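Here is a sequence with its predicted model. Questions after.
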Amino acid sequence: MRIVLLGDLHGNRPATLAMEAALRDIPADETWFLGDAVGKGPSSAFTCDWVREHCDRFIGGNWDYGIGGKEFPQDGYYWNQLGPERMQWLRNLPSEAELSFAGLRFRLFHGRPVTPLLTASSDREMLEATMATEQGVYDAAIFADSHRPFIRTLNTGYICNTGSIGNSLGVPKAHCMLLEDCPLRMTILSVPYDNEAAAEDARMDPDLPHRDAWIREVLTGEYSR
Ligand SMILES: [Fe+2]
């Protein structure tokens, strides 16, 4: 059994297509979307539709709720591109889910708004924010949101980040995560893509908010806004 977990596509069409091609050779039994299909990049309608077509299970991210729910007046660019039907879908996504796999109970969520940015937290805060909840104690947590993939342990279990398909920080490639069983394997997939093509998509769209920061992020992986 193989599960793919992915998120943070953020309107980056070249990165999403590169990930699609890579996953074609690694067929999954189930694909989970962990939030942030839209926002930041110029192709949010494309990445929103891609998620709906290629994933089986869905969790919303802070950008999905913010744009889908018209929370921020400066997001009009994305509202115009997405239209009411996609925005309704985005704002109604569930915020977390549970997955039983390889004998472990995984808690799955995007990050914000369920928890603040976990990468900025101490181990103890991370543990308290993820493993022990009102729904019980989990064996592992998988989230997205930070745009930086990792697999590590806390005192009581695993904590993992899928990384980002379209807006990776640190290493500007497209990332996602694989779970396989017998025995449990957890893998970060790192897929090169045409970063210059992603930058060019933004250069062609003068209305894209924070366009220069976006171009810098896709070319260098340095957080810029
Ligand atoms: Fe994100």
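It's in. Numbering: from 1, shown residues only.

Run through the residues that contact the residue in the chain positioned nearest to the ion.
Nearest residue of the chain to the ion: residue 36, at 3.6 Å (C-beta to the ion). Heads up, the C-betas are built off the backbone N, CA and C, glycines and all. Residue 36 makes contact with 7, 8, 9, 10, 61, 62, 63, 64, 110, 144, 145, 164, according to C-beta atoms under 8 Å, 6 or more residues apart in numbering.

Could you report the neighbour count for the residue lying closest to residue 140 once chain neighbours are set aside?
Nearest non-adjacent residue to residue 140, counting by C-beta to C-beta, 6 or more residues apart in numbering: residue 158, 4.0 Å away. When neighbours are counted by other C-beta atoms under 10 Å, residue 158 registers 18.

who touches residue 158 in this structure?
By C-beta under 8 Å, 6+ apart, the neighbours of residue 158 are 104, 139, 140, 141, 151, 152, 186.

Look up which residues are beta-bridged to it.
residue 140, residue 153 (DSSP bridges).

Provide the contact partners of the longest helix anywhere in the chain at residue level.
As assigned by DSSP state H, the longest helix anywhere in the chain is helix 76-91. With contact meaning C-beta under 8 Å, 6+ apart, helix 76-91 is reached by 37-39, 44-45, 48-49, 52, 60, 64-65, 67-70, 207-209.

Out of those residues, list just those in strands.
Assignment to strands by DSSP state E places none of the contacts of helix 76-91 there.

So among those residues, which ones count as buried?
Among the contacts of helix 76-91, those classed as buried by 16 or more other C-beta atoms under 10 Å are 37, 38, 39, 44, 45, 48, 60, 64, 65, 67, 68, 208.

Pick out the most distant pair among those residues.
When C-beta to C-beta is used, the two most widely separated members of those are 60 and 208, lying 22.5 Å apart.

any idea how far the residue nearest to residue 212 when sequence neighbours are not counted is from residue 206?
Distance criterion C-beta to C-beta, 6+ apart; nearest residue to residue 212, sequence neighbours excluded, is residue 224 at 7.9 Å. As judged by C-beta to C-beta, to the nearest Å, residue 224 and residue 206 stand 18 Å apart.

swap in residue 62?
In this structure, residue 62 and residue 206 are 26 Å apart, going by C-beta to C-beta.

That'll do, ta.
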